[in-house]
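S.K.: Fold the following and give me the result.
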Amino acid sequence: MQKNIEWLFNVGQIVHFHDMIGTVRGREITDLGNQHFEIKIEGESHGRPLRTVRGEFLVAT
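M.R.: Numbers count the residues shown, from 1 in each chain. I've put the predicted structure just below:
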């Protein structure tokens with residue numbers, strides 16, 4: 001586990017993923033340093049209310 005990670009987003013933070021808005025519910029970092037975030041989509045989720053998304057595809061609101 002890496003220490004002193006500078007996370008792109010905090011748990012509980014509201015983010016945009018394409019045209020959807022979600023809340024960060026969890027986060028992890030891969031051995032290669034990619035940050036993955038579990039988000040819960042608010043409203044219409046196209047049948048997938050929970051998603052794991054790489055940080056580079058999320059935008060803070």
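
S.K.: hey, where'd the strands end up in the protein?
M.R.: For the chain, the strands defined by DSSP state E cover 14-17, 20-29, 35-41, 50-54, 59-60.

S.K.: Save these as a markdown table, and put in mean pLDDT, mean neighbour count and distance to N4 too.
M.R.: (Glycine included, C-beta is placed from N, CA and C.) Formatted as a markdown table, the strands of the chain follow (pLDDT from 0 to 100; neighbours: other CB atoms under 10 Å; distance: least, CB to CB, whole Å):
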| stretch | mean pLDDT | mean neighbour count | distance to N4 |
| --- | --- | --- | --- |
| strand 14-17 | 97 | 16 | 23 |
| strand 20-29 | 97 | 16 | 11 |
| strand 35-41 | 98 | 18 | 14 |
| strand 50-54 | 97 | 14 | 20 |
| strand 59-60 | 96 | 11 | 21 |
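
S.K.: Can you lay out the ones you listed as JSON lines showing distance to K3?
M.R.: Below are the strands of the chain laid out as JSON lines (distance: least, CB to CB, whole Å):
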{"stretch": "strand 14-17", "distance to K3": "24"}
{"stretch": "strand 20-29", "distance to K3": "11"}
{"stretch": "strand 35-41", "distance to K3": "15"}
{"stretch": "strand 50-54", "distance to K3": "21"}
{"stretch": "strand 59-60", "distance to K3": "24"}
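
S.K.: Mind checking these for the one nearest to I5?
M.R.: strand 20-29 (5.9 Å; CB to CB).

S.K.: tell me what that closest one is packed against?
M.R.: Judged by 3 or more CB pairs under 8 Å, 6 or more residues apart in numbering; DSSP states H and E, strand 20-29 is in contact with strand 14-17, strand 35-41.
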